[in-house]
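Engineer: pasted the sequence and its predicted model underneath.
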Amino acid sequence: MAPKPETPNSPHSTLDPPSSTLSSIDPLFHILKILPFCFLRPPRLRLKLPTLTLPSPMTVYALVLLTYFMVVSGIVYDVIVEPPGIGSTQDPYTGSVRPVVFMPGRVNGQYIIEGLSSGFMFVLGGVGIVLMDLALDKNRAKSVKTSFATAGISSVVLAYVMSMLFIRIKIPAYLS
């Protein structure tokens with residue numbers, strides 16, 4: 001391939017600002033700028049742009065699920081407020097200290113383990129819904145569809161029951 005001529009062919013070449021070779025009046029600068037290119041030529045680089053491939057759908061789903069878990073677990077609250085990981089209370093009969101996972105009576109406060117366990121139950125319910133959707137695929141064997149449906153329904157039911165239990169522990173007089 002022949003090199004391109006260095007003279008501009010555009011009709012607006014007279015409107016272009018003067019190049020740096022014409023703007024300098026120093027002859028040494030002009031010689032240093034022209035002389036090396038009389039016997040050296042810049043290499044022809046055949047650089048390819050990097051191609052970015054899209055992540056697989058399962059990777060995107062995993063990232064969305066992880067983000068959902070972090071949001072519903074209250075990670076932002078845990079970072080800002082820095083609550084303890086688990087609480088403790090004194091047993092009135094024995095006087096010993098018992099660990100407490102849920103902060104009872106306080107709707108606007110949580111321990112770290114409380115947020116993580118609640119977030120896990122929400123994610124478990126979401127995964128159950130996805131499994132029930134996979135059970136509707138017509139291209140799967142009947143045993144696989146049955147397994148997906150059973151796991152999905154049990155996940156949704158377990159997540160609902162445990163979330164209601166967590167709410168009843170958190171707010172003792174809720175729905176009664």
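Structural biologist: Sure, I can see it.

Engineer: for T89, which three-state class applies?
Structural biologist: strand (DSSP: H, G, I helix; E, B strand; the rest coil).

Engineer: spatially, which residue comes closest to it, not counting chain neighbours?
Structural biologist: Leaving aside its chain neighbours, T89 sits nearest to V100 (5.1 Å; criterion: CB to CB, 6 or more residues apart in numbering). From N, CA and C alone the C-beta is placed, and that goes for glycine too.

Engineer: which residues pair with that neighbour across the strands?
Structural biologist: G87 (DSSP bridges).

Engineer: got the contact list for it?
Structural biologist: V100 is in contact with I86, G87, S88, T89, Y111, counting by CB atoms under 8 Å, 6 or more residues apart in numbering.

Engineer: the second one touches P104, doesn't it?
Structural biologist: Think G87. No - between G87 and P104 there is no contact under CB atoms under 8 Å: 9.3 Å.

Engineer: looking at these two, which is more packed in?
Structural biologist: Counted by other CB atoms under 10 Å, G87 and P104 do not tie: G87 has more neighbours, with 18 against 11.

Engineer: that one and G105, how far apart?
Structural biologist: Per CB to CB, to the nearest Å, G87 is found 12 Å from G105.

Engineer: list the buried residues of the longest helix seen in the chain.
Structural biologist: Counting residues, the longest helix found in the chain (DSSP state H) is helix 142-170. Neighbour counts over helix 142-170 (16 or more other CB atoms under 10 Å) mark K145, F148, A151, G152, S155, V156, A159, M162, S163, F166, K170 as buried.
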